[in-house]
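# no letters, just coordinates:
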């Protein structure tokens, strides 16, 4: 009863907070659909999987800590993560700016299923979804509207798109984000000579993304269009070592809690990058 009551309070507070932060400024309308497949170079879709994944795992650990049996905690954790993200879709479905997105739901299910299947089969997470993001600075150099009568800038455009505050930028700036699939090789072999905490991560990111499908936008009556030669939209793939903090032994509960939080984030490390233009790049430390 206490678990259910606490969960309901947390869920209600999260919905109210989300509504205040994301939806309050936009008009409401009746339930409607919105097909955003392929937009934002699919960065938003991988973000949906990542969010549902870590929500599922966090809920699972919370339920286990509260005394629920392991298997029940696994199913309830995965269901809770999916419920939280489905709530976002319902809010989208009643917002004039967005709508119910089946592609979003597919990626939500993928994130929850990734947690559920591993926990049921291995009783651990050998493949983890993680995130990294580092604040980007955008130019204040004037950009002329298509008819040459108005001015804007990348700074203004990205503030409108991704928000002006650090937390908003961390969550919404697709040019700064990378979503990682981090695999722990030692988990597959007890005789492995590799350190148990060492993982290998494959990352996905994008660059020069200033609109859902094209780098064109409207500000009042003025329309702006960026040159695809000067600002080519790019997809990026990364390969990098990582740390799985759950494999660092400790007997201190507070340290285990810190490790659980740290495990959401990809640690900065040397990284190889390949982009959709066929160019390789070496990063001594990718943040």
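Thanks, I have it. Since the model is a prediction, treat every value here as computed from it, not as a measurement.
# give me the domain ranges for the protein.
1-125, 126-287 (automatic domain parsing).
# can I get these in TSV with mean pLDDT and mean neighbour count?
Where you see a C-beta, it was placed from the backbone N, CA and C, and this is true even at glycine. Output for these, formatted as TSV (pLDDT from 0 to 100; neighbours: other C-beta atoms under 10 Å):
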stretch	mean pLDDT	mean neighbour count
domain 1-125	84	17
domain 126-287	93	15
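# list the contacts for residue 98?
Counting by C-beta atoms under 8 Å, 6 or more residues apart in numbering, residue 98 touches 34, 36, 92.
# for it, give its distance to residue 144.
30 Å (C-beta to C-beta, to the nearest Å).
# residue contacts, the residue nearest the centre of the chain?
Among the residues of the chain, the one closest to the centroid is residue 47, at 2.8 Å (C-alpha atoms, centre = their mean). Shown in contact with residue 47 (C-beta under 8 Å, 6+ apart): 131, 177, 179.
# first-to-last residue distance for stretch 222-238?
Distance between the two ends of stretch 222-238: 37 Å, counting by C-alpha to C-alpha, to the nearest Å.
# let me redo that: stretch 206-213
Using C-alpha to C-alpha, first and last residues of stretch 206-213 are 13 Å apart.
# and if you look at stretch 141-148?
So stretch 141-148: terminal residues 15 Å apart, C-alpha to C-alpha.
# from the middle of its chain, how far away would that stretch be?
32 Å (C-alpha atoms, centre = their mean, to the nearest Å).
# in the stretch 101-250 of the chain, which spans are helices?
Secondary structure of the stretch 101-250 of the chain, counting by DSSP state H, counting those that start in this stretch: helices at 102-122, 154-162, 166-172.
# mind giving me the packing neighbours of the first one?
It refers to helix 102-122. Contacts defined by 3 or more C-beta pairs under 8 Å, 6 or more residues apart in numbering; DSSP states H and E place helix 102-122 against helix 43-65, helix 70-93, strand 127-133.
# which one of these lies nearest to residue 140?
strand 127-133 (21.6 Å; C-beta to C-beta).
# contacts made by the closest one with the rest, please.
Strand 127-133 has contacts (C-beta under 8 Å, 6+ apart) with 47, 49-50, 53-54, 111, 114, 118, 169-170, 173, 176-184, 199, 201, 203, 242, 244, 263-266, 268, 286-287.
# so that strand versus helix 102-122, what angle?
Angle, strand 127-133 to helix 102-122, by axes from the mean of the first three to the mean of the last three C-alpha atoms, to 10 degrees: 130 degrees.
# ok so, going back, so which of the contacts of residue 47 is the closest to residue 257?
residue 131 (18.9 Å).
# make a markdown table out of the helices and strands packed on helix 102-122 and add distance to residue 191.
Shown next, in a markdown table, are those (distance: least, C-beta to C-beta, whole Å):
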| stretch | distance to residue 191 |
| --- | --- |
| helix 43-65 | 27 |
| helix 70-93 | 27 |
| strand 127-133 | 21 |
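# what about the closest residue in space to residue 239 that isn't next to it in sequence, distance to residue 237?
Here the nearest residue to residue 239 in space, its sequence neighbours aside, is residue 272; by C-beta to C-beta, 6 or more residues apart in numbering that works out to 4.7 Å. Noted for residue 272: a distance of 9 Å to residue 237, by C-beta to C-beta.
# with residue 133 instead?
Plainly put, residue 133 is 17 Å away from residue 237 if you go by C-beta to C-beta.
# before we move on, what about residue 89?
From residue 89 to residue 237 the distance is 28 Å (C-beta to C-beta).
# cool, residue 286 as well?
Relative to residue 237, residue 286 is positioned 12 Å away (C-beta to C-beta).
# hey, what's in contact with both of the two?
Joint contacts of residue 286 and residue 237 (C-beta under 8 Å, 6+ apart) are residue 273.
# returning to that earlier point: now the helices of the stretch 101-250 of the chain in JSON lines, with distance to residue 68?
JSON lines is the format used below for the helices of the stretch 101-250 of the chain (distance: least, C-beta to C-beta, whole Å):
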{"stretch": "helix 102-122", "distance to residue 68": "13"}
{"stretch": "helix 154-162", "distance to residue 68": "38"}
{"stretch": "helix 166-172", "distance to residue 68": "30"}
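# so which of those helices gets nearest residue 71?
Nearest to residue 71 among the helices of the stretch 101-250 of the chain is helix 102-122 (7.7 Å), distances taken as C-beta to C-beta.
# quick one: that closest one to helix 43-65, angle?
Using the same axes, to 10 degrees: helix 102-122 against helix 43-65 is 40 degrees.
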